[in-house]
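A.B. asks: Give me coordinates for this.
(2 chains)
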Amino acid sequence: AQTVTQSQPEMSVQEAETVTLSCTYDTSESDYYLFWYKQPPSRQMILVIRQEAYKQQNATENRFSVNFQKAAKSFSLKISDSQLGDAAMYFCACAGGTSYGKLTFGQGTILTVHP
Amino acid sequence: DAGVIQSPRHEVTEMGQEVTLRCKPISGHNSLFWYRQTMMRGLELLIYFNNNVPIDDSGMPEDRFSAKMPNASFSTLKIQPSEPRDSAVYFCASSFGGGSNQPQHFGDGTRLSIL
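C.D. replies: Take a look at the predicted model:
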């Protein structure tokens, strides 16, 4: 079983600045995967980035990167050079290695980007 | 390539009526997931299928909810009889292979309102 906690209900950032969204998780599995999904007002769920727990190297996708601290069970998302289109709800999620991909989501963080 | 297709996009109906939500997964994907999103409970997994077989339906709230996957390209989520507390956004997602390392691709969701 997994639990995922996002302690920041809301965050804001100025356009072109950098923001970090926090996420902590707990799982009983030794093999698991972590994801960040973005949900804009259109309500689509869009995969932003994913991290395999067995990999020490932090995942990066263009302006998006993660800080994966396995011992601390922390998985934060950094958005660099923030753009107005980054404004959305962001969800952290975890899938255990034996769970057929069953995702457990955090509560979400609303990100506002100010011009 | 076509993504996950859900219909209808919006559904408004009266309490007690039967509601059927539909999902067409991405061609070639063999895992399918139904999620429900509400303000109070966030995103919850209701049920997931692998190779058309229900693997875990422990998230289905009660017997009024049922889900089927008669073939690899179609799934339904049915609520009978519907109640106002069933009002939510229902997402369908699919992935390839059934492993937790595979990212899930979400449909645009169905916003269900029960009056």
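A.B. asks: Secondary structure class of the residue sitting nearest the centre point of chain B, three-state.
C.D. replies: Closest to where the C-alpha atoms of chain B average out (Cα atoms, centre = their mean) is residue B:34, at 3.1 Å. Classification of residue B:34 using DSSP: H, G, I helix; E, B strand; the rest coil returns strand.
A.B. asks: which residues in chain B form strands?
C.D. replies: B:5-7, B:10-13, B:19-24, B:31-38, B:42-50, B:53-56, B:65-71, B:74-79, B:88-95, B:105-106, B:110-114 (DSSP state E).
A.B. asks: any idea how far residue A:55 is from residue A:49?
C.D. replies: 13 Å (Cβ to Cβ, to the nearest Å). Every C-beta, even on glycine, is put in place using the N, C-alpha and C of the backbone.
A.B. asks: Give me the more crowded residue out of those two.
C.D. replies: The neighbour count for residue A:49 versus residue A:55, taken as other Cβ atoms under 10 Å in any protein chain shown, is higher for residue A:49 (21 against 11).
A.B. asks: Chain A against chain B: which residues are in contact?
C.D. replies: Residues of chain A lying close to chain B (Cβ under 8 Å from any Cβ of the partner chain) are A:31-33, A:35, A:37, A:42-47, A:50, A:52, A:91, A:95-108.
A.B. asks: Now intersect those with the strands, please.
C.D. replies: Among the residues of chain A next to chain B, the members found in strands (DSSP E) are A:32-33, A:35, A:37, A:46-47, A:50, A:52, A:91, A:95-96, A:103-105.
A.B. asks: quick check, nearest of those residues to residue B:40?
C.D. replies: Residue B:40 lies nearest to residue A:105 out of those, by Cβ to Cβ, at 13.8 Å.
A.B. asks: Output the contacting helices and strands for the helix or strand harbouring residue A:4.
C.D. replies: When elements are assigned from DSSP states H and E, residue A:4 belongs to strand A:2-5. Identification of packing neighbours for strand A:2-5 by 3 or more Cβ pairs under 8 Å, 6 or more residues apart in numbering or on different chains; DSSP states H and E yields strand A:24-27, strand A:88-96, strand A:103-105.
A.B. asks: May I have the secondary structure class of residue A:81?
C.D. replies: coil.
A.B. asks: Give me the local confidence score for it.
C.D. replies: pLDDT for residue A:81: 97.
A.B. asks: got it, and residue A:98?
C.D. replies: At residue A:98, pLDDT is 73.
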